[in-house]
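In: Predicted coordinates and the sequence they were generated for:
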Amino acid sequence: MIFYCYRIDYLFLLVIHDYHVTITLRLLLIQRGKAYRIVDGTDLSLKSAEPELECVYQAGLTPSKVPEGPLYGAVLKVLVTSHFDSFINRIWWGKIATEYKCPSTGVIYHVGFNNLLNHFLNPFLVYLGRLDENDKGSLILDYTVDFSQICPGMEKFAGIKRNAFPGNIAVDGVRFVGRQKDGGAILLGKVVHQHDRTVPLSYFSFVNYDAQLNVDFAVGQSLPPL
């Protein structure tokens, strides 16, 4: 019996003074009950077709916590064009999330930054939540926030009050998808537009060494079957 992992994607590409709309239907046929086993961060680069990456993401687990330490990253697929993939991987080395305690309330938040050639830029708010109404739970990296509205003074820590366009329209969802032999957690993420979170714009992977992240998931273990 065949299981269909599919979606209809509407990709909006802004070109100078003009909007181009591409409507694509991507179908992936996989066996019912297929279980993905991701044992190395490079395994995901072998699944660079967007439909299969989406299937791995859907099979992935909700991260048990906000990961501590560096998130060593790699771009897997930019859906508008593949020409950017190798260039981005040369300058983008991943992300990192840092705790921030709000002075006025005592609430602890997590603020993340992108590592661009060892410069930490383009901040985002990190929390566990749902990317859309059908999401079972993901790690959310939210670039749309106004840090000064979350906690007065947070904008100084983030280095900016709010990201400028187009950096302020993206939201990332991240799921746990495997564990390496060296104990590193393998995470798969996707970027979506804040106003249409069902349409992925790109996919990326992380390897992180927080020993408390999804501790019950063993090396070599498979994800639950689709």
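Out: Nice, I can see it.
In: check contacts around Q212.
Out: Q212 makes contact with S64, K65, E68 under the criterion Cβ atoms under 8 Å, 6 or more residues apart in numbering. For glycine as for every other residue, the C-beta is placed from the backbone atoms N, C-alpha and C.
In: how much space between the first one and Y100?
Out: The reference is to S64. To Y100, S64 is 21 Å away according to Cβ to Cβ, to the nearest Å.
In: R179 - nearest residue in space that isn't next to it in sequence?
Out: Distance criterion Cβ to Cβ, 6 or more residues apart in numbering; nearest residue to R179, sequence neighbours excluded, is V219 at 5.0 Å.
In: ok, the one you found to N208 distance?
Out: Between V219 and N208 the computed distance is 15 Å (Cβ to Cβ).
In: try F147
Out: Going from F147 to N208 by Cβ to Cβ gives 24 Å.
In: Check T62 too.
Out: Going from T62 to N208 by Cβ to Cβ gives 15 Å.
In: Which one's more surrounded, the two?
Out: Neighbours per residue, other Cβ atoms under 10 Å: of T62 and N208, the larger number sits with N208, 24 against 16.
In: how about the most centrally placed residue in the chain, what does it touch?
Out: For the chain, the residue nearest the mean C-alpha position is G189 (2.6 Å; Cα atoms, centre = their mean). Contact partners of G189, counting by Cβ under 8 Å, 6+ apart, are L139, L141, D172, G173, V174, R175, Y203, F204, S205, F206.
In: Tell me what the residue nearest to it when sequence neighbours are not counted is bridged to.
Out: Counting by Cβ to Cβ, 6+ apart, V174 is the residue found nearest to G189 once chain neighbours are left out, at 3.9 Å. Note on V174: beta-bridge partners by DSSP bridges are L139, G189.
In: again with H119
Out: When bridges are called by DSSP bridges, H119 pairs up with L116.
In: That one and Y72, how far apart?
Out: From H119 over to Y72 the distance is 16 Å, taken as Cβ to Cβ.
In: before we move on, what about L125?
Out: 21 Å.
In: same thing with F147?
Out: Counting by Cβ to Cβ - F147 and Y72 are separated by 25 Å.
In: So for those two, which sits in the more crowded spot?
Out: F147 (24 against 17).
In: beta partners of the nearest residue to V145 once chain neighbours are set aside?
Out: In space, and not counting its chain neighbours, V145 is closest to L125: 4.8 Å by Cβ to Cβ, 6+ apart. Under DSSP bridges, the beta-bridge partners of L125 are V111, D142.
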